[in-house]
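Engineer: please work out how this folds:
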Amino acid sequence: MTGSPPSRGRRTLFIVIRHGETEWNVANRVQGHGDSKLTAAGRAQALALARRLADEPFDLLVSSDLGRALETAQPLAEASGHAIRRDARLRERSFGAGEGLSYDEIGKRFPGAFPRVGTASASESSEADIDPDYAIPGGESRRRFHERVAAAFEAMAAEHSGARIVVVTHGGVLGALYRHVHGIPVAAAQRIPIANASYNAVSRDGPGAWIVHAWADIAHLPDGAAFDDT
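Structural biologist: Residues are numbered from 1 along each chain as shown. Alright, predicted model coming up:
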């Protein structure tokens with residue numbers, strides 16, 4: 001889904017980017033607050049993003065403080081001249097004791113963690129399949145995570161009214177932002193396309209007044225596999 005970002009004005013524009021492909025993405029392992037390095041493909045994706053944004057002026061470059069996001073943001077910083085502002089509010093959801101496990105492993109040890117693992121497929125899931133208050137030991141519940149993400153974007157929009165902000169973050173954060181923008185309940189199963197190094201643009205005119213201008217746009221990449229967040 002693509003569109004033209006708005007012109008400058010009182011509207012705050014966010015260009016929100018998922019980090020490039022990582023080693024754990026390839027291994028199908030849960031990262032959370034844990035980390036793994038970008039693959040060679042992930043580094044190429046970060047460079048492609050920098051080339052795409054070369055002709056789009058922006059005011060601020062903000063990144064999750066996790067390594068894979070910072071590694072993706074670095075080429076953008078070098079190309080634009082903007083320093084990277086680290087923001088822990090933009091971290092991926094914490095999965096505590098589940099971090100580093102494969103999705104199959106986490107489904108066996110912590111059946112309530114993801115609706116897409118276990119006995120029901122994501123396409124068969126309903127609101128009853130998702131407990132928004134469930135948290136893996138040492139981790140973060142879906143509800144608390146979504147509240148953190150929504151509060152971070154609302155705060156940035158208020159603090160930098162009228163600015164164009166590039167945000168480098170994580171798949172789960174993009175999924176939470178999509179729900180916030182569209183008013184999708186945290187417990188509702190919803191397919192949300194999210195690709196590594198994808199270009200996503202949303203804006204806010206005021207509290208609750210969000211618009212999506214582009215989503216899961218990977219036109220700048222030679223190839224890219226979408227990841228559906230549920």
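Engineer: so where's the protein uncertain?
Structural biologist: 1-9, 115-129, 223-230 (pLDDT under 70).
Engineer: rerun that using 50 as the cut-off
Structural biologist: Scanning the chain for pLDDT under 50 picks out the ranges 4, 6-7, 117-128, 230.
Engineer: so where do the helices sit in it?
Structural biologist: Applying DSSP state H to the chain gives helices spanning 23-26, 40-52, 67-80, 103-109, 142-159, 171-182.
Engineer: in a markdown table, list those helices along with distance to residue 165.
Structural biologist: No exception for glycine: its C-beta is placed from N, CA and C like everyone else's. Listed next are these as a markdown table, based on distance: least, Cβ to Cβ, whole Å:
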| stretch | distance to residue 165 |
| --- | --- |
| helix 23-26 | 25 |
| helix 40-52 | 15 |
| helix 67-80 | 12 |
| helix 103-109 | 32 |
| helix 142-159 | 6 |
| helix 171-182 | 13 |
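Engineer: just these: most buried one?
Structural biologist: helix 171-182 (a mean of 22; mean count of other Cβ atoms under 10 Å).
Engineer: closest to residue 203 out of the helices of the chain?
Structural biologist: helix 142-159 (8.5 Å; Cβ to Cβ).
Engineer: chain center to that closest one, what's the gap?
Structural biologist: Here the centre of helix 142-159 is set off from its chain's centre by 12 Å, with Cα atoms, centre = their mean, to the nearest Å.
Engineer: for stretch 40-57, same thing?
Structural biologist: 17 Å.
Engineer: what does that stretch rub up against?
Structural biologist: 5, 15, 17, 19-22, 25, 38, 68, 71-76, 78-80, 164, 166, 196-197, 199, 220-222, 224 (Cβ atoms under 8 Å, 6 or more residues apart in numbering).
Engineer: quickly note the distance from residue 151 to residue 40.
Structural biologist: Taking Cβ to Cβ, to the nearest Å as the measure, residue 151 falls 36 Å from residue 40.
Engineer: again, but for residue 204
Structural biologist: Taking Cβ to Cβ, one finds residue 204 at 36 Å from residue 40.
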